[in-house]
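In: sequence and predicted model, in that order:
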Amino acid sequence: MRLANTTVCDEERLLHRRRHTGLNHALLAVLRSPLHRLLDDNVCEVAYQAPRSGRHVALPVMYAADGDDLVILVGDAAAKTWWRAFRKPHGVQVRRHGATRAGTARVISVGDARYAGAATAYECQHGLRPAADDQMVLIENLTPLEGDT
C-alpha cells in the first residue's frame, strides 16, 4: 500500500531510514553502556546541534584515528545529510572509549592539506578508500569535557 503523495522511491527511502534509525539507537545504547568496549576500536558517537534547526543530533559513526584527530568517511554522501552540517567548521562532542570530548568537525576535500593523511588513516583502519562521491569529515582539537577523562 502506497502512502498518499509518495513515490516508490520515497517509500523505499523512508523504510531504509526507519531501519537505520533502529540500528543507530541500538548502537548508541551500546556506546553509552559498559559494553562500549565491543565497538570502541571502530565506532564512536558524534553529537552536535544542527546549525539550521538547532536540533540535537547523535549518530554512531565508523571512524579512524589520524594522530589526535578522528576521520569519518561518509560513504554514499549524496543520500545522507548529517555531514553537511560540517561544510563550515562546527562544534561536536565525541563519545569514544567511555569518555566524551569536545572538538571541531569539518568536511575535507581532495585539495585540503589533511586529506591524503586522513584518507590513508581510514584505509589502514578499515580497508576502505574514499570514492569520488564520498565525503570525509575531520574532527580536530578534541579536549575532554569537564568531569570526563
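Out: That came through fine. In this text, all values refer to a predicted model and were calculated from it rather than measured experimentally.
In: show me the contacts for the residue lying closest to Ser109 once chain neighbours are set aside.
Out: Excluding its sequence neighbours, the residue lying closest to Ser109 (Cβ to Cβ, 6 or more residues apart in numbering) is Tyr115, at 6.5 Å. Where you see a C-beta, it was placed from the backbone N, CA and C, and this is true even at glycine. Tyr115 makes contact with 108-109, 136 under the criterion Cβ atoms under 8 Å, 6 or more residues apart in numbering.
In: and what of Asp76?
Out: For Asp76, the contact set (Cβ under 8 Å, 6+ apart) comprises 133-134.
In: by mean pLDDT, which helix or strand of the chain comes out lowest?
Out: Lowest by mean pLDDT, DSSP states H and E among the helices and strands of the chain is helix 8-31, with a mean of 69.
In: next structured bit after that helix?
Out: The C-terminal neighbour of helix 8-31 among helices and strands, as given by DSSP states H and E, is strand 43-49.
In: and the gap between Val71 and Asn24?
Out: Look at Val71 and Asn24: by Cβ to Cβ, to the nearest Å, they are 20 Å apart.
In: so of the contacts of Tyr115, which ones are in helices?
Out: When DSSP state H is applied, the contacts of Tyr115 are split such that none fall in helices.
In: so which of Val71 and Asn24 has more stuff around it?
Out: A direct count of neighbours by other Cβ atoms under 10 Å for Val71 and Asn24 places Val71 higher, at 26 against 16.
In: as a markdown table, the contacts of Tyr115 with neighbour count and pLDDT would be great.
Out: As requested, the contacts of Tyr115 are exported to a markdown table (neighbours: other Cβ atoms under 10 Å; pLDDT from 0 to 100):
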| residue | neighbour count | pLDDT |
| --- | --- | --- |
| Ile108 | 22 | 97 |
| Ser109 | 9 | 92 |
| Met136 | 23 | 96 |
